[in-house]
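Chemist: one predicted model, sequence on top.
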Amino acid sequence: MNIDGLDEYCTKHYALRGGELQLVLSTFLKAAAEMMAMGYRIDTPIGSFVPKLKLKRVITDADEVKDSDVMLDGVDYNPGKQWNKAIEKWLYNGFLRVENPNVQKLINNEEHLELALSKCLRKGYVTVNGFAAIASLTKYSARKQLEAWTKGENPKLMKSKMGQTDIYTEI
């Protein structure tokens, strides 16, 4: 997603005026760059921006270093506690689908499901989460479809456990 998309999202979901996020980020970039060029570390809710400095010439005695010998060489970024806390819930729940396709339409499309299954089986096995992601299904629908393939007279898949995870392999 680019800044325009993020700005639009914030306008719709977080009561910002259109363009406000872009204006704030643009102002932050100018001010932070100026401050880091002076050697300041910038601490924000999303993390710390630390200037990397280097010498313009080789100097062996620290007492000989003058301001004009030091230059900005880049910026290191360290995520902060607030940033980590904000994304913590997403670390274990996985990603959301970008688009919300019609799951019923996908479930009824055998060609789509077969293609998704073959992509998943390239690594030798299928998990519910993996199949859901590849087939753009909910975990519930993915589990239901995988279970259906383990039943009947000629099942396609065999289900087994690996720890807490159900693993489906081709028969």
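Modeler: Cool, got the structure. Numbering: from 1, shown residues only.
Chemist: only C-alpha atoms from now on, for both contacts and neighbour counts.
Modeler: Fine.
Chemist: next SSE downstream of the helix or strand of the chain with the lowest mean pLDDT?
Modeler: When the helices and strands of the chain are compared on mean pLDDT, DSSP states H and E, helix 81-93 comes out lowest with a mean of 75. Sequence-wise, the next helix or strand downstream of helix 81-93 (DSSP states H and E) is helix 103-107.
Chemist: give the burial count for Asp43, as a bare number.
Modeler: Asp43: 15 surrounding residues under other Cα atoms under 10 Å.
Chemist: go on, the one 5 residues further on?
Modeler: Applying the criterion other Cα under 10 Å, we find 16 residues in the vicinity of Ser48.
Chemist: cool, Leu157 as well?
Modeler: 19.
Chemist: ok, it to Leu16 distance?
Modeler: Taking Cα to Cα, to the nearest Å as the criterion, Leu157 is separated from Leu16 by 50 Å.
Chemist: in the longest helix along the chain, what counts as buried?
Modeler: Determined from DSSP state H, the single longest helix within the chain is helix 20-37. Neighbour-count burial for helix 20-37, counted by 16 or more other Cα atoms under 10 Å, picks out Leu21, Ala32, Ala33, Met36, Ala37.
Chemist: stretch 139-153 too?
Modeler: Those would be Lys139, Ser141, Ala142, Arg143, Gln145, Leu146, Glu147, Trp149, Thr150, for stretch 139-153 by 16+ other Cα under 10 Å.
Chemist: ok, stretch 49-60 next?
Modeler: Of the residues in stretch 49-60, those buried (16+ other Cα under 10 Å) are Phe49, Val50, Pro51.
Chemist: return the distance of the longest helix of the chain from the chain's centre.
Modeler: The chain centroid and the centroid of helix 20-37 are separated by 24 Å under Cα atoms, centre = their mean, to the nearest Å.
Chemist: and that helix, what does it pack against?
Modeler: helix 3-13, strand 42-44, strand 47-55, strand 70-79 (3 or more Cα pairs under 8 Å, 6 or more residues apart in numbering; DSSP states H and E).
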